[in-house]
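> task: produce atomic coordinates for the following.
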Amino acid sequence: MDEIVLTSDPGLALLLDTNPEIAHLLVAAHVFGHVDYFTNNLCLADTYRRMVHNAVAHALHLNQSIERYGLEVVEHLMGIDFALDRLLSRCRRRQALPTRLPSAASCDRARRDAGLHDVRSP
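Model (predicted):
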């Protein structure tokens with residue numbers, strides 16, 4: 001029996017369709033417990049509950065970007081983003097982030113060095 005419970009508002013659960021019907025009933029009862037705990041626990045009152053809606057919005061934006069710029073460009077930029085995120089996560093533990101952002105010219109240079117075309121034009 002496998003389940004995924006998304007503790008959002010409303011609470012969502014994903015169940016395998018290969019489970020027998022009795023297993024679905026048991027998992028549904030178990031999921032109700034998770035959702036009730038998440039909804040009524042005062043320690044979790046400040047938890048952001050619209051994460052599923054945000055994930056859908058991000059997926060739509062990603063699909064639009066792929067249609068507009070192409071899969072290769074989007075994957076390349078996401079790889080850069082993930083690498084920067086890992087690097088910055090380490091740096092944040094050691095020191096504050098720099099207050100000056102890179103210039104547009106240095107970003108264009110990095111994009112050109114990576115072999116990417118201007119992503120601003122369709």
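> got the domain boundaries for this protein?
Per automatic domain parsing, the structural domains of the chain span 3-44, 70-113.
> check which helix or strand residue 5 maps to.
In this assignment (DSSP states H and E), residue 5 forms part of strand 3-6.
> would you mark the buried spots in that strand?
The neighbour-count check on strand 3-6 (16 or more other C-beta atoms under 10 Å) flags 3, 5-6 as buried. Quick note: C-beta positions are derived from backbone N, CA and C, even for glycine.
> other SSEs contacting the helix of greatest length in the chain?
Ranked by number of residues, the top helix in the chain under DSSP state H is helix 71-94. Of the remaining helices and strands, those touching helix 71-94 by 3 or more C-beta pairs under 8 Å, 6 or more residues apart in numbering; DSSP states H and E are helix 51-69.
> using CSV, write down the CA coordinates of the helix it packs on.
Taking C-alpha atoms only, helix 51-69 is exported to CSV below (Å, rounded to 0.1, in the frame of the first residue of the first chain):
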residue,chain,number,x,y,z
MET,A,51,1.8,24.7,-2.1
VAL,A,52,-0.1,22.6,-4.6
HIS,A,53,-1.5,25.7,-6.2
ASN,A,54,2.0,27.2,-6.5
ALA,A,55,3.3,24.0,-8.0
VAL,A,56,0.6,24.1,-10.7
ALA,A,57,1.4,27.7,-11.4
HIS,A,58,5.1,26.9,-11.7
ALA,A,59,4.5,23.9,-13.9
LEU,A,60,2.3,26.1,-16.3
HIS,A,61,5.1,28.8,-16.4
LEU,A,62,7.7,26.1,-17.1
ASN,A,63,5.6,24.7,-20.0
GLN,A,64,5.1,28.2,-21.4
SER,A,65,8.9,28.8,-21.2
ILE,A,66,9.6,25.6,-23.0
GLU,A,67,7.2,26.4,-25.7
ARG,A,68,8.6,29.9,-26.1
TYR,A,69,12.4,29.3,-25.8
